[in-house]
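Asker: Quick one: sequence and predicted model below, then my questions.
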Amino acid sequence: MRFARYLPVIAAAALVVLLQVALSAADATYYMTQLTMSTYYVLVVIGLCLLMGYAGQVSLGHAGFFAIGGYTSAVLTTCNLVAWRDTAVIGGCRSLGLVVERQDLYGHTILCFSAWPAFFAAMLAAGLIAVLIGLPVIRLKGHYLAMATLGFGLIIYRIVLGAKWFGQADGISNVPPFPLFAGLQVNGRPAFRVENYYIAWTVVLAAMVLAINLVHSRVGRALRSIHQDEEAAHSLGVNTYRYKVCTFVFSALLAAAGGVLLTHYNGSIGPSEATVLKSVRYVAIVAVGGMGNLWGVLLMGMLLNFLSLRGVFGTYDDAVFGGILIGIMLFAPQGLLRAPAWRRVLHWLPGRRHG
Amino acid sequence: MDLAQIVQYCLAGITAGSVYAIVAIGFNIIYNTTGIINFAQGEFLIVGAMTAISLSGIMPLPAAILLAVAVTTLLGGIIERVFIRPARDASVLRLVVITIGVSIVIREAMLHVWDEKVRSLPYFSGTSLSTVTLLGAHISVQVLWVLGVSAVIVAGLTLFFRYTLTGRAMRACADDRMAASLCGVNVPRMVTLSFMLSAAIGALAGCVISPLTQTQYDMGAPLAIKGFTVAILGGLGNSMAAVAAGLLLGLLEALMVSQFQVAYKEAVSIVVLLLVLVFRPSGLFTRKELGTLRAA
């Protein structure tokens, strides 16, 4: 039984390899750039799927956490510490390898934080903010929670748009690649395409394994009981509040990790990543994937983000996601994969009568 | 700050506040009959103003505004019929998510119809330079229009809900839908009507504020969140309290602008929203226990 749980992960990994081989054979590796970007966005929706589908809490502020991750890492890896070169703190950081020297675009030597400490700082920042926001906000229900998280997202957007530190409307560019280990690095240049495709998928499948384990553990059962009937769960001794806050923080961390990795991959981040429309887009993807259906959400996240990044929706990009949200909520609240029409088809397939 | 400056800031606050109050009343009207928060409320203001701006090119201003309000009212009714009614048995959360989708579709549609340019209606009387002087402060005549129209909307709604049969029927729905329908009130029609009514007052507010704040396709969301803050501050469903809360938030915002950067103006109302939601979700003006509202 336990093995069966991971079967889809192995199948997904096989598909990932197959897709790479097919794309390389067809000499269409340029698709991999958008696939890699979609994969990092999927990290956000996996977290949101746990929060919405399992804990039953909506968040319209996850683009905010994505931006907190991306911007923190971008600021730390691009800020120039040359002015403080001779201070004891920076000297100490340098000898520990936390601060490195590198050349900027114009050949000047600059001193800035290396990627790993920036990553951990970003996760720490996102985690702390998620705890601070989550503790009071998760007590709210329904539209109160929706509005409160929407408000949080708007504040983050205003801050990155207004603060000089975050580059205002231009955002931050020239973010260096993220050297992981053993020569691997998160780098958006064409030469690193295949390598990064696999890095991104490794991260996402690891997150999936984590999420699947969580769902099948005591925590997951507690979360589902909260979703079905919070008062009943509470009366059975489930600390509903703590579980909800923890899920909120976990999903925020996943979003922030996606933000950090995508920022290093793209080499830049801008305020458009922090908009409410982005948050709504994540919610729409979780809704299409079927709320509590991790694999459905992964599939839809890949598909919709890929199509959107390829520019298939043109100028109707955001409208498409709004329309998807309405359509799914009206006609197939269980998600596209479990839409009533499908069930009717499945019903006639042998062996699925009782499914 | 001298007296003239204080008066200036206060009036700016009251002007913005009265618009927030109208948005909040729009939220309340729909909340009362359906129990849902309509996230597309801010879009009604922008649709109204944009339609009026386009129409004002081909007809006199009063006619343009009237027609714009009519168009927006119709839009409100259509939204209810097409998106809300088919799903009326769904959970509150599902309905709220639908209204979020609707707000985005409307916004994107506006982007395609009116592009991203900032536009505005002409001043209702005089020009942008004509002012009246009050206690040494110079006040745009349009401010008086905003305050006057807001007062008329509030007074009109109060009379409507108190004295007309339809208004009373809508209040009956708010109290107890089942009981209302047993008494012969056509509840679905009242729900449609509530969407139309709040679209209408939204459109009107959008028109009067347009010469002062100008109008852009994506201004709906900030307006909606401020209106929601005000609605919560006054206690959801309580329209008279919303007026007081609106003025309060407007003044607070004006005070902040006088002291801090304009860029963070929006942060004020969101912080207020979060504080109220956390500490007093039933609003400042009610004594009801918190639990009932939280369970909504």
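Answerer: Sure thing, it's come through.
Asker: ok, residue 181 - how many residues close by?
Answerer: Picked chain A for this. Neighbour count of residue A:181, defined by other C-beta atoms under 10 Å in any protein chain shown: 7. Yep, even glycine has a C-beta here, placed from its N, CA and C like the rest.
Asker: think we crossed wires, I meant chain B
Answerer: 15.
Asker: Could you find the closest non-adjacent residue to it?
Answerer: Closest residue to residue B:181 apart from its sequence neighbours, by C-beta to C-beta, 6 or more residues apart in numbering or on different chains: residue B:187 at 4.7 Å.
Asker: Residue B:178 versus that neighbour, what's the distance?
Answerer: According to C-beta to C-beta, to the nearest Å, residue B:187 and residue B:178 sit 9 Å apart.
Asker: ok, now residue A:289?
Answerer: Counting by C-beta to C-beta, the gap from residue A:289 to residue B:178 is 36 Å.
Asker: what element comes up after whichever strand or helix holds residue B:178 heading to the C-terminus?
Answerer: Assigned by DSSP states H and E, residue B:178 belongs to helix B:177-182. Using DSSP H and E, the helix or strand that follows helix B:177-182 in sequence is helix B:187-213.
Asker: List the buried residues in that next one.
Answerer: B:187-188, B:190-213 (16 or more other C-beta atoms under 10 Å in any protein chain shown).
Asker: Kindly report the same for stretch A:19-33.
Answerer: Buried, per 16+ other C-beta under 10 Å, within stretch A:19-33: A:20, A:23, A:29, A:31-33.
Asker: just the helices in the stretch 1-150 of chain A please.
Answerer: Assigned helices in the stretch 1-150 of chain A, in chain order: A:2-25, A:31-49, A:62-78, A:88-96, A:115-137, A:142-162 (criterion: DSSP state H, counting those that start in this stretch).
Asker: Next one: the spatially closest residue to residue B:26 that is not a sequence neighbour from chain A, what distance?
Answerer: With sequence-adjacent residues excluded and distances taken as C-beta to C-beta, 6+ apart, residue B:26 is closest to residue B:198, at 3.6 Å. Per C-beta to the nearest C-beta, to the nearest Å, residue B:198 is found 15 Å from chain A.
Asker: list the contacts for residue B:198?
Answerer: B:25-27, B:29-30, B:38, B:41, B:44, B:76 (C-beta atoms under 8 Å, 6 or more residues apart in numbering or on different chains).
Asker: Out of the buried residues of stretch A:19-33, which is nearest to residue A:283?
Answerer: residue A:33 (25.5 Å; C-beta to C-beta).
Asker: Ramachandran angles for the residue lying closest to that closest one once chain neighbours are set aside?
Answerer: Nearest residue to residue A:33, sequence neighbours excluded (C-beta to C-beta, 6+ apart): residue A:193, at 6.3 Å. Residue A:193 has phi and psi values of phi -60, psi -60 when expressed as degrees, to the nearest 10.
Asker: how near is residue A:193 to residue A:187?
Answerer: 9 Å.
Asker: cool, residue A:293 as well?
Answerer: Residue A:293 is 33 Å from residue A:187, by C-beta to C-beta.
Asker: Quick check: buried residues in stretch B:109-120?
Answerer: B:109-111, B:114, B:120.
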